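In: Fold the following, please.
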Amino acid sequence: MKKIITENRNENTRDIDLISSLEIVQKINREDEIITRAIKRELSNIAAGIDIIAGCFLKGGRLIYFGAGTSGRLGVLDASECPPTFGVEPDMVQGIIAGGDRALRFAIEGAEDDFELGVKDGSILNKNDVCVLISASGNPNYLIGVAESAHERKCKIIALTSNPDGKILNEADVKICVEVGAEVIAGSSRMKSGTAQKMVLNMLSTASMVKIGKTYENLMIDVKATNEKLKKRAVQITADLSGKDEKTSLEALEKCGWQVKTAVFTLVKDVSIEKAQYALKQSGGFLRKALNDF
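Out: A predicted model of the protein is given here:
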């Protein structure tokens, strides 16, 4: 049986059980430096995935991550951060982990090998969605099952793996293979492979949101002000973009139901909330376009 690349032993860390704590973390740090170089080689593929995702969002579609174990948890993590950061509905970006929510905290025996479970979980997809298959080895039967459902529904597929021989690459419209090499601890793909996955998922979701107008410059103008920290952020963003003081910005936000884009527009253009909301609707939610066109 051919050995999966993610199971290889790392020659640089064979002595890891004999060295000091400082030497251990130095070795881990040196291995982590490989990650950004490996991602750099995949930037054009990541960008292709972003363009597909942004196009899907503009058609009312969803971004849905699928994975098992660490990969599934990272997909759920990235998806769960999108609503507070970008003000989107929770179903717009979703993370599905093999074995269900219990698998977020506990290992579920055999979940990643269950083809039929993947077919079932993938049945939530439709032709406007983008399906991202995440796996260090690229070989879980669960993800092959998800891919079968995605193909049936003519759903675009992005594969993210660290194994150039991963089966999920054969299922994908966009193939992202971040070859980080053998892990510090053989087979522990929660380390370099997991870090690489987190970095790529950050790129996929963040850049896609930028492309559909969820930021102005590098500010999160659709932030949901659900706590004091986020309310302060909303006030600061509104003040920065409108050129008004924080007191005026706070008052505008309170009147606008804490909608930053609406508040900024009313302050910059000195118009009513209704006119601001209409202009933003006409621009498809792009604040820059709304301001330029008004």
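
In: Contacts only, for Ser162.
Out: 5-6, 136-138, 177-180, 189, 192-193, 196 (CB atoms under 8 Å, 6 or more residues apart in numbering). For every residue, glycine as well, the C-beta is placed using N, CA and C.

In: buried sites along stretch 90-102?
Out: 92-99 (16 or more other CB atoms under 10 Å).

In: got the contact list for it?
Out: With contact meaning CB under 8 Å, 6+ apart, stretch 90-102 is reached by 57, 62-69, 72-73, 75-80, 82-83, 103-104, 108, 111-112, 114, 117-118, 121, 124, 140, 142, 205.

In: Are any of the residues you listed buried, and if so which?
Out: Neighbour counting with 16+ other CB under 10 Å marks 57, 62-69, 72-73, 75-76, 78-79, 82-83, 103, 108, 111-112, 114, 117-118, 121, 124, 140, 142, 205 as buried within the contacts of stretch 90-102.

In: Quick check: the closest residue to Ile237 other than its chain neighbours vs Ala182, distance?
Out: The shortest distance from Ile237 to any non-neighbouring residue, by CB to CB, 6 or more residues apart in numbering, is to Leu219 (4.8 Å). As judged by CB to CB, to the nearest Å, Leu219 and Ala182 stand 41 Å apart.

In: And Ala48, by the same measure?
Out: Distance, Ala48 to Ala182, by CB to CB: 28 Å.

In: Who has more neighbours out of the two?
Out: A side-by-side neighbour count of Ala48 and Ala182, using other CB atoms under 10 Å, places Ala182 first with 19 against 15.

In: where do the helices sit along this structure?
Out: Counting by DSSP state H, the chain has these helices, from start to end: 21-40, 43-58, 69-86, 115-121, 141-152, 192-211, 228-242, 246-255, 260-269, 273-282, 287-293.

In: Tabulate the ones you listed (a markdown table), appending distance to Ala159 and mean pLDDT.
Out: As requested, the helices of the chain are exported to a markdown table (distance: least, CB to CB, whole Å; pLDDT from 0 to 100):
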| stretch | distance to Ala159 | mean pLDDT |
| --- | --- | --- |
| helix 21-40 | 15 | 96 |
| helix 43-58 | 9 | 97 |
| helix 69-86 | 11 | 95 |
| helix 115-121 | 14 | 97 |
| helix 141-152 | 8 | 97 |
| helix 192-211 | 11 | 97 |
| helix 228-242 | 34 | 95 |
| helix 246-255 | 42 | 95 |
| helix 260-269 | 35 | 96 |
| helix 273-282 | 36 | 95 |
| helix 287-293 | 33 | 93 |
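
In: Those into a markdown table, with extra columns for distance to Leu169?
Out: Formatted as a markdown table, the helices of the chain follow (distance: least, CB to CB, whole Å):
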| stretch | distance to Leu169 |
| --- | --- |
| helix 21-40 | 15 |
| helix 43-58 | 11 |
| helix 69-86 | 14 |
| helix 115-121 | 16 |
| helix 141-152 | 11 |
| helix 192-211 | 14 |
| helix 228-242 | 39 |
| helix 246-255 | 46 |
| helix 260-269 | 39 |
| helix 273-282 | 40 |
| helix 287-293 | 37 |
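
In: Can you say which of these is packed in most?
Out: Comparing these by mean neighbour count (mean count of other CB atoms under 10 Å), helix 260-269 ranks first with a mean of 25.

In: got the angle between that helix and helix 228-242?
Out: Orientation note: helix 260-269 sits at an angle of 30 degrees relative to helix 228-242 (axes from the mean of the first three to the mean of the last three CA atoms, to 10 degrees).

In: Pull the distance from helix 260-269 to the chain's centre.
Out: Centre-to-centre, helix 260-269 and its host chain are 29 Å apart (CA atoms, centre = their mean, to the nearest Å).

In: Then stretch 161-181?
Out: Its chain's C-alpha centre and that of stretch 161-181 lie 17 Å apart, by CA atoms, centre = their mean.

In: Same question for stretch 226-244.
Out: When distances are taken as CA atoms, centre = their mean, stretch 226-244 is centred 24 Å away from the chain's centroid.

In: Which residues does it contact?
Out: Stretch 226-244 is contacted from outside by 84, 216, 219-221, 223-225, 245-246, 248-250, 252-253, 258, 260, 263-264, 267-268, using CB under 8 Å, 6+ apart.
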